[in-house]
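Participant: my questions concern the predicted model and sequence given below.
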Amino acid sequence: MRNCKHFFVMASGPRKQIATIIVLIVILGVSAFPRLASANPEATSVGVSPLGILSLVTAVGDDTFATTDLSALTAALDPTTPTQHYGPYASGSTDSGTCGNDWANDLFNRHFTVFFNPDGSVKSIVEQFKDGSFMTPASDSPPVNFSPGACENSATPAGIVNTGITGDLHGYFIITVPPLTYETSSDSHCNGMTMMTDSSCDTQVFVESHFSSCVYQVTCPVTTFFDHYSAGDQGLIMHEWKNASPDRGGNGGDIRSSNLP
């Protein structure tokens, strides 16, 4: 999920990044953040309802949205909307591609930002995957390790990725919650209800232990996602892979060592 498509220079720090984003908002004008008609009279924010978040993503870019401080950004653009940040939680997982096989092992830090309505109910949750890296193969990859984008345009795999390929990643999930969802635990651990621990942290553990009305991918599904993977030369013929939901442009590219005949 990472690298070459960053919209802003990160080296000057988070405050400079937020200032740069605000300058962009001013340049774009208020039309970048349309106020959305809603059946909920309390949904007045310009950047934190699920659809409003997408307006924000579109304005700043997927890569910046995945890596910026969302609480600071929201405070700058919409100080009436409370947020709560959780993390980072050091995590890892295998990574699946379009052919169905796991192709790499990932390491990253999970960050969760909860956006609230004025009445204290939850508007939505964003999970960010920061400071990530990957290495091939995955612990359960097949002997012929199809590249992540190998089956994107065909049921027949079109390429493979060699062992020992490394790179960077980042991304985000936008998680939609049902109306009148309330935070039932504000514990700082990833598992904030029963075990009070950060071990075995994943999206389901965090969501279901902090919001009692949430069943991950049922009542609280991931409706939008974006993951960006980048690798250097390493003999690759394709160096970048984007795994994204249709509203973020869908999948594109690959991390590929060679084509299959």
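Facilitator: The structure has been received and is ready for your questions. Computed from a predicted structure; not experimentally measured.
Participant: for the chain, what spans make up the helices?
Facilitator: Applying DSSP state H to the chain gives helices spanning 14-28, 50-60, 62-67, 70-77, 203-210.
Participant: mind telling me which of those the model trusts least?
Facilitator: Taking the mean pLDDT of each of those, the lowest value is held by helix 14-28, a mean of 45.
Participant: what are the phi and psi angles of residue 183?
Facilitator: Here is the backbone geometry of residue 183 (degrees, to the nearest 10): phi -70, psi 120.
Participant: got the contact list for it?
Facilitator: Remark: with contacts taken as CB atoms under 8 Å, 6 or more residues apart in numbering, residue 183 is in contact with 84, 114, 116, 122, 210-211. (Glycine included, C-beta is placed from N, CA and C.)
Participant: from residue 82, how far off is it?
Facilitator: With distances taken as CB to CB, to the nearest Å, residue 183 is found 11 Å from residue 82.
Participant: between those two, which contacts overlap?
Facilitator: Joint contacts of residue 183 and residue 82 (CB under 8 Å, 6+ apart) are residue 116.
Participant: residue 180: how many residues sit nearby?
Facilitator: 11 (other CB atoms under 10 Å).
Participant: got a list of what the residue lying closest to it once chain neighbours are set aside touches?
Facilitator: Leaving out its chain neighbours, the residue that sits closest to residue 180 by CB to CB, 6 or more residues apart in numbering is residue 121, at 5.5 Å. Residues in contact with residue 121 (CB under 8 Å, 6+ apart) are 179-182.
Participant: now, which of these sits nearest residue 130?
Facilitator: Proximity of the contacts of residue 121 to residue 130, judged by CB to CB, is greatest for residue 181, which lies at 24.9 Å.
Participant: next, name the residue at the spatial heart of this protein.
Facilitator: The geometric centre of the chain, computed from its C-alpha atoms, lies nearest to residue 172 (CA atoms, centre = their mean), at 0.5 Å.
Participant: wait, that residue touches residue 129, no?
Facilitator: Yes: contact criterion CB atoms under 8 Å: residue 172 and residue 129 qualify, at 6.8 Å.
Participant: what's the overlap in contacts for those two?
Facilitator: Here residue 172 and residue 129 have residue 66 as joint contacts, going by CB under 8 Å, 6+ apart.
Participant: for the nearest residue to residue 196 once chain neighbours are set aside, report the pLDDT, please.
Facilitator: Across the structure, with CB to CB, 6+ apart as the measure, the residue nearest residue 196 apart from its sequence neighbours is residue 189 (5.0 Å). At residue 189 the predicted local distance difference test score is 96.
Participant: quick one: residue 189 and residue 198 touch, right?
Facilitator: Yes: using CB under 8 Å, residue 189 makes contact with residue 198 at a distance of 5.4 Å.
Participant: where does pLDDT dip in the stretch 1-150 of the chain?
Facilitator: Under the criterion pLDDT under 70, the flagged ranges of the stretch 1-150 of the chain are 1-52.
Participant: which stretches in it count as strands?
Facilitator: With DSSP state E, counting those that start in this stretch applied, the stretch 1-150 of the chain shows strands at 83-96, 102-116, 122-135, listed in chain order.
Participant: tell me the helices and strands packed up against the second one.
Facilitator: In terms of contacts (3 or more CB pairs under 8 Å, 6 or more residues apart in numbering; DSSP states H and E), strand 102-116 is packed against helix 70-77, strand 83-96, strand 122-135, strand 166-176, helix 203-210.
Participant: residue 248: which of those is closest?
Facilitator: With CB to CB as the criterion, residue 248 lies closest to strand 166-176 of the helices and strands packed on strand 102-116, at 9.4 Å.
Participant: strands paired with the closest one, and their directions?
Facilitator: Listed by DSSP bridges, the sheet partners of strand 166-176 and their directions read strand 122-135 (antiparallel), strand 222-230 (antiparallel).
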